[in-house]
Each structure stands twice: as C-alpha cells, then as structure tokens.
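1. What would the 3D arrangement of this be:
(2 chains)
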Amino acid sequence: MMDLVELTAAQAAAAIGRGDLAARELFDFYRDRAAADELNAFTWVAQESPEAGDGPLGGVPLAVKDLFCTAGVPSQSGSRILEGYRPPYTATVVERLARAGAPLLAKTNQDEFAMGSSTENSGFGPTLNPWDRTRVPGGSSGGSAAAVAAGLAPWAIGTDTGGSIRQPAALCGIVGLKPTYGAVSRYGMIAFASSLDQAGPLTRDVSDAALLLMQMVGARDPRDATSLDYPGSVSLPARTDLHGIRLGVPTELSSDGIEPGVLGAFAASLELARQLGASVETCQLPHAAHALAAYYVLAPAEASSNLARFDGVRYGLRAQDATDLLDMYTRTRHDGFGAEVKRRIMLGTYALSSGYYEAYYGRAQRVRTLIARDFAATFEHFDFVVTPTAPGVAFELGAKTADPYAMYLNDICTVPASLAGIPAISIPNGMAAPPGGGKSLPVGLQLIGPAFSEDRLLSAAFALEQALGFDGRAARR
Amino acid sequence: MIDRDTVLHVARLARLELSEEEVARLTIELGAVLEHIETISRLDLEGVPPTSHVIDVTGALRADEPEPCLPRERALESAPEVLDDGFAVPSPQA
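-> I've put the predicted structure just below:
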C-alpha cells in the first residue's frame, strides 16, 4: 500500500504511468485532504474528479492561486470586490497544464490582488503556516505554498511580482520558481503590476518544479503581447555536483537586516556548495540597495492603473443606492478594497499624478535599468547569484500588519531579480530558530540566473537540494 | 510631504471614497513610505534609459484577423445590473 501523501508529484505521475495508481484515486485522495483543510489555504475545492486525460503530467492534480481566471470557478484574487466572480474564460497557463495532465484541484488563498508578503491581506481570512499555525505562510502565494507544504495538494502554481512565489516557498519549506519575465503567458491572470507579474511553480522538490515548468513555457501566447517564444528547453535535473559552477554572493543582500539563524543556514550551504565543487566568491550589485524603493514605486503605480477596472460596472461588487455614477464608483471601491490595496492605489496614483510622474515612475524605471546592468555585469564572472530568499523565518500572525514598510522589507532579497526580469528559485535550506527563540522553522536559499537560464538553474538547485536533504514530512502530518 | 488635502485630491483621482479614519491613517502611512522611496531621488540617473520590458521584444503584434469573440450574454453574466443588453449604471435622471 502506497502512502500517497509521501509521493512527490513526479513519483505519483510515474506510479500512474506504470499502472500502480489510478489518476482518479489520487485526485480523490487530495480532494478529501483539501476539503478537510484547517489552514484556510483554499478559496474553492473541486467537487468532482475530472475525466482522466493522458498528458505527460499523468493526471496529478494542481492547486491554482485564486488570481488565475478559471471558467465557471470562483476567481477572486483574494478580494471582496470580486467575491463570487466566475470568469467566462480560463488563463492560458491553467489551460496548458490541464491539457498536459494536471487537472484543477483547488483555488488557493492569497493576499488581495497579490499585494502582501503574509497572506494576511486576503479578503477571505489569513492562511496559516503548516509548520506553526500561529505564524504566516508568507505571501502573496501563501495558500499555494501552505497547501503544498502540508500535503493538501501535490503541487501548485502561483505568481511572483516582487517575491510572491519565492518568499512563501521559503517560509513553508518548499521549492518556488519565478521564471524569466515573458516565459509564461500572463493571459487570464488578474493583473497586479504588469511589467513584473510572472507565473511559476510551487512544489515539494526541484524535480517537480522542472516537470511543471516544462509545460508552462513554450510557444508565445498570441493573447499576451509580452510573452515570448521560450528559447531552449527545460529538462528533468540530474546533476549531483557543482564542479565549474561560479556562485556570486552579493554583499548587499547577505548581511544587513537578515536574521542570524537565516545567515547561519546560508553560510553553511555556501560551504556545502564548495564541497560539491562550486567556487563561491563575493560579488557586487551596487544598486540593489535601491531596488525596494524602485519596486514600491513601479508596482503600486501599475496596480493603481490595473485596478481602475474594478468599478462596479461589469463584474463583482456594486455599492447600492448610489446617487450617480461617480458616487457608485467611489463607494464600490471603498467597500470592496482592503486596507493594503487602498494604500497601494493611493501611493501609485500619487506617483503617477501630474507633476510627479518623472520624479517617481520615470526615475524608478531608470533605477531598474541600473539593477539589470548590475546583474549583467555580475553574470560575466558568475553563473548564479545566491542569497537568502527571505530575511527571516515565518513571523507571527499580526506581527507586521501595523507597519507597512516593515512588511515590504520581506521582499528585500527577491525584488532585485524581479526588476531585472530574470529567473530565480528558492529551495529549502534547513531550519532555523526565530530571533526570540522557539521551535525551528524553514529557511530558503535563492539562486538567481540570467534570462532563460531556468534549465541550468534547476540543475544547480537540484544538486544542492540532494546534498541538503531537507525533510518536510513534519508539515504533512 | 503628504498632507490631508493631498490625500483627498489623490483619492478623488483614484475614484476612492475614504472614511475620516482612513484619511488620517493614509496621511501618516503614505508620508512614511514616500520617505523611504525618496532615496532614489539622490541617485545620479543622467543618461540612463528607462526599462519597461527587460527582454527586447519586437514585432509583438498578432495578425489582425477576425475571430469569434465572447458572446454578449456571457460577457453580461457577471454584471451587477443589466439593461437593454448592456451594462446598466446609475443615472441621476433615473
């Protein structure tokens, strides 16, 4: 008798392929687990098993972040303004994965419109971290990360704008990958910041991430003008050493503001990388210190424009008894948006308002150029840049909600790669105690590579993962 | 910095009604966040071009060929109010 929850998605797909496991049995197993979820990881769970397909993903069911449109299924982006919204079409990437044999199991909870680093900003209540239910799972793809870590779903997809796949993956002890901007179609993703948003896998291990990513990239989507034909391909990783790999450790992202436990785990993994044959040297990203400031101009500015569509006319909430059209707009938006979304709409509108555009948005786009150049210069001498994924382990619910900027600092190590549009992966990097002491919690290690280096990135991450030997079973009990 | 009148002006631009409590809180919070963001105003950006898409994309336009679009009834399915096959909005004359 197989212990289904202990199979990775790749192992489950192989078992189905051999005829040792029925796809329907696996779907029903996970549907029951998802329906009994106590972490508030889901906003919707499938009622019925789908017809068995025969795609390369074998029928292993997929959890999908709420903000991906799924025809006839609630797609609310974590917002009360879209409560109960069932879109008339499905996001390209969800369609592709279903065709490839990963049918929709559930929709996962998230920070409202993906704005947040803890999933506490969801209009449908916070998600809890399966390692410690008094703590956050990270965000914004916190529902996807918690579901995979807790074994409530075999694998999941999320979106990453400034770290929203990588940071929750780190805080939940799983793998999360943000692909090169443009590698995956954004069609049908409810937009947050269009020049940064990118979909990617959240999985139990690196092999599962590769298996899922293979089916997410490919020919450009004619319905997303920013999507690209993926050059090269993604293969299943097999590398077990790092001989000849040059790792760069940016001094700017590996010291200030990072918890001692996280730094300790980081240093130990750098030593392990050396033992595997890698060279590890410091590198410089001189403009990384300005990445967070640039990000918190660009993302809110784009969000304020994208969220203009939520006006009570075509879908979602509408304030009743309005005196005129303007009154209906302003009251609908007052009632439907949560505090963080209002904060970012205000910040973004201010940054784009007459007389301020060049001082904020224009300058931030130029800073973005400098950060991309920093990475380009670094990749002339290094294969990958490595950093801790998040500056700390999972924090307690409510610990950072009162101070917006303290919450934004969670993104300090993940935002630079987002601004540069390059791929980055977070893998489990052991456990560390929180600063005040107490039970140890997962830590993440981030590897950043040049545009379209996903295959090499996964390969190096796999070698490190095998050597690290992270044990995630405790979160699945 | 940010004062109450600025917050009210920006809220009007954003088509967002704010309660008195929200106005007071946002005046403080936006000021604090903008203070952090101001650090980029000290950078020398002379001659640095802006970046929007970090990968060079050319010829992103698709062929302009007619194809079926979303049927009207499906597009109207989620509308809060429908009138004469269209989206209904409040009108002061109604």
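
2. switch to C-alpha atoms for all contacts and neighbour counts from now on
-> OK.

3. What ranges in chain B fall below the confidence cut-off?
-> Low-confidence segments of chain B (pLDDT under 70): B:92-94.

4. hey, where'd the strands end up in it?
-> B:82-83, B:86-87 (DSSP state E).

5. deepest of these, which one?
-> Greatest average neighbour count among these goes to strand B:86-87 (a mean of 15), per mean count of other Cα atoms under 10 Å in any protein chain shown.

6. List the neighbouring strands of that one plus their orientation.
-> Sheet pairing for strand B:86-87, assigned by DSSP bridges, gives strand B:82-83 (antiparallel).

7. Can you pull out the low-pLDDT segments for chain A?
-> A:1, A:52.

8. Turn the strands of chain B into CSV, including distance to A:P179.
-> Listed next are the strands of chain B as CSV, based on distance: least, Cα to Cα, whole Å:
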stretch, distance to A:P179
strand B:82-83, 41
strand B:86-87, 38
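
9. Out of those, the one nearest A:R220 is which?
-> Nearest to A:R220 among the strands of chain B is strand B:86-87 (33.4 Å), distances taken as Cα to Cα.

10. Return the distance of the lengthiest helix in chain B from the chain's centre.
-> In chain B, with assignment by DSSP state H, the single longest helix is helix B:20-37. The chain centre lies 19 Å from the centre of helix B:20-37; the measure is Cα atoms, centre = their mean, to the nearest Å.

11. what does stretch B:13-20 give?
-> So, by Cα atoms, centre = their mean, the centroid of stretch B:13-20 is 13 Å from its chain's centroid.

12. who touches that stretch?
-> Defining contact as Cα atoms under 8 Å, 6 or more residues apart in numbering or on different chains, one finds that stretch B:13-20 is touched by A:304, A:308, A:326, A:329-331, A:333-334, A:345-346, A:349, B:11.

13. Repeat the analysis, applying 6 Å as the threshold.
-> Residues from elsewhere that reach stretch B:13-20 (Cα atoms under 6 Å, 6 or more residues apart in numbering or on different chains): A:330-331, A:333-334.

14. start to end distance for it?
-> 17 Å (Cα to Cα, to the nearest Å).

15. Report the entries of the contacts of stretch B:13-20 that also contact chain B.
-> Applying Cα under 6 Å from any Cα of the partner chain, the subset of these adjacent to chain B comprises A:330-331, A:333-334.

16. a strand runs through A:F27, doesn't it?
-> No: counting by DSSP: H, G, I helix; E, B strand; the rest coil, A:F27 is located in no strand; its state is helix.

17. State the distance from the nearest residue to it once chain neighbours are set aside to A:A322.
-> Excluding the flanking residues, the one nearest A:F27 by Cα to Cα, 6 or more residues apart in numbering or on different chains is A:P61, at 6.0 Å. To A:A322, A:P61 is 44 Å away according to Cα to Cα.

18. Repeat that for A:L105.
-> The separation that A:L105 has from A:A322, given Cα to Cα, amounts to 39 Å.

19. In terms of neighbours, single out the busier of the two.
-> Neighbours were counted for A:L105 and for A:A322 using other Cα atoms under 10 Å in any protein chain shown; A:L105 has more, 28 against 18.

20. Run through the residues that contact the more buried one.
-> A:46, A:61-63.

21. Ok, A:G392 next?
-> So A:G392 contacts A:E259 (Cα under 6 Å, 6+ apart).

22. ok, now the one 4 residues further on?
-> Residues in contact with A:E396, defined by Cα under 6 Å, 6+ apart, are A:134-135.

23. need the helices for chain B, in chain order.
-> Using DSSP H, helices in chain B cover B:4-13, B:20-37, B:72-76.

24. In the second one, which residues are buried?
-> So the one you mean is helix B:20-37. Neighbour counts over helix B:20-37 (16 or more other Cα atoms under 10 Å in any protein chain shown) mark B:23, B:26-27, B:29-30, B:32-34, B:37 as buried.

25. A:Y405: neighbouring residues, count only.
-> That count, for A:Y405 with other Cα under 10 Å as the rule, works out to 15.

26. Setting the sequence-adjacent residues aside, check what's closest to it.
-> Nearest to A:Y405 is B:V33, by Cα to Cα, 6+ apart, at 6.4 Å.

27. Then B:D3?
-> B:D3's closest residue in space is B:T27 (Cα to Cα, 6+ apart), at 6.0 Å.

28. Check A:G362 too.
-> Using Cα to Cα, 6+ apart, the nearest residue to A:G362 is B:P50, at 6.9 Å.

29. Nearest the geometric middle of chain B, what residue?
-> Central residue of chain B (Cα atoms, centre = their mean): B:A14, 7.1 Å from the mean position.

30. how close does it get to A:A301?
-> In terms of Cα to Cα, B:A14 sits 11 Å off from A:A301.

31. roughly how far apart are A:R239 and A:Y295?
-> A:R239 is 35 Å from A:Y295, by Cα to Cα.
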